[in-house]
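J.: Here is a sequence together with a model predicted from it:
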Amino acid sequence: MSDAPTPVDIFDVKKVRRLIELMKEHDLSELDLKQADNRVRIRRGGEVVAYSAPSAPVARPAATPAGGAAAAAPDRTVVIKSPMVGTFYKASGPDTPPFVKVGDRIGPEKTACIIEAMKVFNEIPAGVSGQVVAILVENGAPVEFGQPLIKVDPEG
Amino acid sequence: MSDAPTPVDIFDVKKVRRLIELMKEHDLSELDLKQADNRVRIRRGGEVVAYSAPSAPVARPAATPAGGAAAAAPDRTVVIKSPMVGTFYKASGPDTPPFVKVGDRIGPEKTACIIEAMKVFNEIPAGVSGQVVAILVENGAPVEFGQPLIKVDPEG
Amino acid sequence: MFKRILIANRGEIALRVIRACRELGVETVAIYSEADRGAPYLELADEAICVGTAKASDSYLRIDRVISAAEIGNVQAIHPGYGFLSENSHFAEVCRSCDIGFIGPTPEAMQRVGDKNSARALAREAGVPTVPGSDGLIANEQEAVRIAKEIGFPVLLKATAGGGGKGMRVAANDLALASAWQQASAEAQAAFGNAGIYIEKYIERPRHVEIQILGDQHGNVFHLWERDCSTQRRHQKLIEESPSPRLPQAIRQKMADAAVRLAKTAGYYSAGTVEFIVDQQDNFYFIEVNARIQVEHPVSEMVTGIDLLKAQIRVAAGEKLDLKQADIKPRGHAIECRINAEDPDANFRPCPGRIDRIIAPGGFGVRWDSHATTGYVVPSYYDSLVGKLIVHQPTRKEAIETMIRALKELRVEGIKTTVPLHLKVLANTAFHEAQVDTTFVERMLAG
Amino acid sequence: MFKRILIANRGEIALRVIRACRELGVETVAIYSEADRGAPYLELADEAICVGTAKASDSYLRIDRVISAAEIGNVQAIHPGYGFLSENSHFAEVCRSCDIGFIGPTPEAMQRVGDKNSARALAREAGVPTVPGSDGLIANEQEAVRIAKEIGFPVLLKATAGGGGKGMRVAANDLALASAWQQASAEAQAAFGNAGIYIEKYIERPRHVEIQILGDQHGNVFHLWERDCSTQRRHQKLIEESPSPRLPQAIRQKMADAAVRLAKTAGYYSAGTVEFIVDQQDNFYFIEVNARIQVEHPVSEMVTGIDLLKAQIRVAAGEKLDLKQADIKPRGHAIECRINAEDPDANFRPCPGRIDRIIAPGGFGVRWDSHATTGYVVPSYYDSLVGKLIVHQPTRKEAIETMIRALKELRVEGIKTTVPLHLKVLANTAFHEAQVDTTFVERMLAG
């Protein structure tokens, strides 16, 4: 929960979130921070005006929702989140192959993993089609509701 | 007041917050700080103005904070403040003329008023030369330390 | 003692449990819904686990998820707080079947006191007075008159299928009863398709007085005297105090003894509250048991000096209560005001939102129990309690003075609260003279 | 009762007086220096008057301006708080000559207890033990040895003109005394041009125990038992508690009686503190009287339930104290930690500045007395006290647990505070075992 000791990480979501909160709190319409190659620029509110330069109109409707998507480069991937509290298993047993692994192409019906809760092993369908980009949780790790489990690139 | 000893971290949220407070205090609509590669730029308030245009109609004097000096038109006048706590008298007695009145030209040695404190009548010298513009306190009113008493235009 | 427990609740009471645990050296696992993500009290827990979306039925009320969280959080027991699953005996049973301690009474005791009928039977068994009335439905007008004369006028006719005041009539004498009988049965028949009516003694302007009990698993049950919660608005308690200002000592003692008898008869341990109504002649009648810690528990803590939450946890861990009834003497007078996020100018409509700034009162005799901090957003999904302001002083008069002082010091900016209503009550002569019953606040607001 | 009083102080104690007055229905006029302009507690006063610049000698210590403020503020009395003018008998006299009430003892009583010599004489008159020693200067080595044998070794040689430890020597026996005598007189002669030396019994590792007294203008003087303030750093009290954890009841009673005798002999009323040191054999010796309310008064309030500030104001207004000594029984254990704006990593250098965020602890047994709020700037001109955290629990062990919990809950962002030092003390075994004397903190920090 403590702030990351990273010296200059402008993509630190917490920091960006705090900046956005600051903007909301004070009703700011734009905020632009640069340092060397680093830059954070946030605008919010009504009509976003042209910038004159043929720039990239950054801006996104402020108030990044809780759980916050990064403010950085657009991320096309979709995340499969845990629909319950429990223990994550990538396979149905210690000797069986994992349901999915990085590089697999999957459909929405495909079982992505198992979440064990109260001795019940719940098969979690992927709910999305695409290519598996990353498994975000260790086998056997506890997961909370809404926790990102598997990253899928729907265009992959 | 102990500022963080971080040399140059413009992404320090605390710093940004203080800048925004500054802006609110002074009702700035935009703030733009650059130093070498570093830059902080903040805008706030209703309609965002076009940037490339040669206009930039900035700043409105905010609601003058209580006790504070006005931020508006440059005020040449000087204020004689009470050097003590007590009761303000503009004359040495009920039947005597006031020490000073609006329009009088006075020198620094001129007695501007009397402040009575603990039964002692203290003659307060003007301490400034110029023309009396306004008497700010009613005769017989209690005054606190530092309270503005008389306005003088030193060029008048 | 437990090493680690889970708190199946949120807000003020979750923070209250965390505080007790930190003092006991017990680790805590907090659960939260997405609406409570980032709430400041969660940082004080050793672990926090999201269990679902904002809707309580998808998070705080989901037994499976709470149990799963307890399992992955590796706790030995669960504290249910108040509301949510706290009086759900099925939940207590599931805990037991999962070998997780439940910080509260046994499911059996909870059931026994939880069901209206069995609670009334229990009270009779324990020799605790209940509101006099017919044992079942009344056959006809003649029987109605006979029973009414037995229990004494005025009486209340109630539709057995009823609700919302329909099929309900008060009768002050037998003439009135005759017509009331006709009207009530006709109305009940029309409204519910069931003309069944029963009779209860009608208690005019009752006071709500409750006894705090505390028992361990070794057969000890103590009482911590009473709280008076008559200052209510639409059955919502606003102000609670201890001692009850107008109660004769002999009655107080009888009520406390009755509550202990009832708890013992039910095999009840942990903290609990036995609620009574008291009529204008100081007759008291058992109403129900609250088988959990209550919002207003701090007033009993202040006058007795006993930390109820710590006691509750110790008892659940099997410890024996190191108390003597004779030593539990109330000292001074305590009052609690519930500060809710409600708009007094808009008929007390809940008023959730961001608290731009909060300054809590402090100083002698002031206790502030609140999870709200500057910047905290009161979510719209749950109850509107922002904090509890509790004062403790040698006398009721001084307690009122301190409460007024503290309420005026409290600053909650950004949302509206019930503070103005509290100040209005505390300035009222009837309140000062303790001429308060459960109809007082509405009469005051109407007048 | 007064209608309106002036508070000749600032910060925490000014707020404390405002709170007491609001509960009593007394209006307040606060004074402030330019450095305190806009401080949030000033808003709680009915009027606030600026009396000078930041420097205390130009504002809070300026008798003429304080009196003028009282005159234009139209008050009937002045509460001096602690520090500043609170023990200035001349100020109390000026108040009297201006017909303004002084909320404290008479100037005469203040002088009698304020001067070291007259206080010692007073103690002898009241039969209160003082540290044994020579009545005046010692003529020669032979006399030194004779007196040392009389009062018992070890003894302390002190330069009559001394200060800063110069000309001070401890001697454990007569051989050591001979050389100590030579060194001390030579050093005193060199340092102060005055070789005069006197002798006192040297108390090793003393505890600092003080008795809170409270008297009215009708001849009643009560005691509110003791506070133990042995946990000090460089003679600055850090942690105070009541009761004193290692004091036998018989000694406690003797000290309390002695304090009351002393106050009565001095004709002292209002709140006051009689300070003692207690040696390792539980012998106690009178040190001095603090003729004012003290920073640590809340611990006595918590255990006795008596609001000392309100009592002080009532007494000044001529009211009789409605108390019986037998009813003033301490309940439980209270501890206070002084939270100072100091940097524990930089030798406790004062650390004034802006408080970016403050979250006060709350809950059962916790009291927070502080004028600091989010955004408040601790000025560099005055003492560094940010707030006082006080806990009250049935036992000392529980009080320590609650204090640790509350200290960990307290968040003061933007400035450094003494919280880490308090946590260090509270985690220390010697503190738990109450093996604390006035040298404890420095030994702990050194070891």
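T.: Thanks, I have the structure now.

J.: which intervals of the chain have sub-threshold pLDDT?
T.: Just going to use chain A. Within chain A, the stretches with pLDDT under 70 are A:1-17, A:19-20, A:24-74.

J.: wait, chain C
T.: Residue ranges of chain C with pLDDT under 70: C:162-165.

J.: Helices along that one, start to end?
T.: Taking DSSP state H as the test, the helices found in chain C are C:11-24, C:63-72, C:89-97, C:107-114, C:116-125, C:141-151, C:174-192, C:249-266, C:297-304, C:308-316, C:396-409, C:419-426, C:429-432, C:440-446.

J.: so where do the strands sit in the stretch 251-400 of chain C?
T.: Using DSSP state E, counting those that start in this stretch, the strands of the stretch 251-400 of chain C run over C:270-278, C:284-290, C:333-340, C:342-343, C:349-350, C:353-354, C:357-359, C:366-369, C:377-378, C:385-393.

J.: With distance to chain B added, can I get these in JSON lines?
T.: Heads up, the C-betas are built off the backbone N, CA and C, glycines and all. JSON lines is the format used below for the strands of the stretch 251-400 of chain C (distance: least, Cβ to the nearest Cβ, whole Å):
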{"stretch": "strand C:270-278", "distance to chain B": "43"}
{"stretch": "strand C:284-290", "distance to chain B": "45"}
{"stretch": "strand C:333-340", "distance to chain B": "28"}
{"stretch": "strand C:342-343", "distance to chain B": "27"}
{"stretch": "strand C:349-350", "distance to chain B": "30"}
{"stretch": "strand C:353-354", "distance to chain B": "16"}
{"stretch": "strand C:357-359", "distance to chain B": "14"}
{"stretch": "strand C:366-369", "distance to chain B": "27"}
{"stretch": "strand C:377-378", "distance to chain B": "19"}
{"stretch": "strand C:385-393", "distance to chain B": "25"}
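
J.: Spell out which parts of chain C neighbour chain A.
T.: C:34, C:37-38, C:43, C:49-53, C:59, C:64-65, C:67-69, C:71-73, C:98, C:375 (Cβ under 8 Å from any Cβ of the partner chain).

J.: Residue in chain A with the shortest distance to chain C?
T.: Closest residue of chain A to chain C, Cβ to the nearest Cβ: A:Pro142 (3.4 Å).

J.: Domains of the chain: list them as residue ranges, please.
T.: In the absence of a named chain, this looks at chain A. A:13-43, A:77-153 (automatic domain parsing).

J.: oops, I was thinking of chain C
T.: According to automatic domain parsing, the ranges for chain C are C:4-103, C:132-201, C:207-446.

J.: Most tightly packed of these?
T.: Compared across those, domain C:4-103 shows the largest average neighbour count, a mean of 22 (mean count of other Cβ atoms under 10 Å in any protein chain shown).

J.: next one: that one to chain centre, how far?
T.: How far domain C:4-103 lies from its chain's middle: 20 Å, per Cα atoms, centre = their mean, to the nearest Å.

J.: what's the span of that domain, first residue to last?
T.: One end of domain C:4-103 sits 12 Å from the other (Cα to Cα, to the nearest Å).

J.: Can you add distance to D:Arg146 and give the domains of chain C back as CSV?
T.: Listed next are the domains of chain C as CSV, based on distance: least, Cβ to Cβ, whole Å:
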stretch, distance to D:Arg146
domain C:4-103, 57
domain C:132-201, 90
domain C:207-446, 52
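
J.: before we move on, the earlier item: how about JSON lines for the strands of the stretch 251-400 of chain C, with distance to D:His235 added?
T.: Below are those laid out as JSON lines (distance: least, Cβ to Cβ, whole Å):
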{"stretch": "strand C:270-278", "distance to D:His235": "46"}
{"stretch": "strand C:284-290", "distance to D:His235": "53"}
{"stretch": "strand C:333-340", "distance to D:His235": "39"}
{"stretch": "strand C:342-343", "distance to D:His235": "52"}
{"stretch": "strand C:349-350", "distance to D:His235": "54"}
{"stretch": "strand C:353-354", "distance to D:His235": "47"}
{"stretch": "strand C:357-359", "distance to D:His235": "34"}
{"stretch": "strand C:366-369", "distance to D:His235": "31"}
{"stretch": "strand C:377-378", "distance to D:His235": "47"}
{"stretch": "strand C:385-393", "distance to D:His235": "34"}
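
J.: So which residues of chain A form strands?
T.: Using DSSP state E, the strands of chain A run over A:28-35, A:38-43, A:78-81, A:86-89, A:105-106, A:111-117, A:120-125, A:130-135, A:142-143, A:148-153.

J.: and the stretch 1-150 of chain C, which residues reach chain D?
T.: Counting by Cβ under 8 Å from any Cβ, the stretch 1-150 of chain C comes close to chain D at C:Leu15, C:Arg16, C:Arg19, C:Ala20, C:Arg22, C:Glu23, C:Leu24, C:Gly25, C:Pro40, C:Leu44.

J.: Tell me the one among those nearest to D:His79.
T.: For those, the minimum distance to D:His79 (Cβ to Cβ) is 34.5 Å, reached by C:Arg19.

J.: ok, A:Asp104 - contacts?
T.: A:Asp104 is in contact with A:Gln131, A:Val132, counting by Cβ atoms under 8 Å, 6 or more residues apart in numbering or on different chains.

J.: ditto for the one 10 residues further on
T.: Contacts of A:Ile114 were listed using Cβ under 8 Å, 6+ apart, and they are A:Phe88, A:Tyr89, A:Lys90, A:Ala91, A:Ser92, A:Phe99, A:Phe121, A:Asn122, A:Glu123, A:Ile124.

J.: And it, how close does it get to C:Met444?
T.: For A:Ile114, the distance to C:Met444 equals 60 Å [Cβ to Cβ, to the nearest Å].
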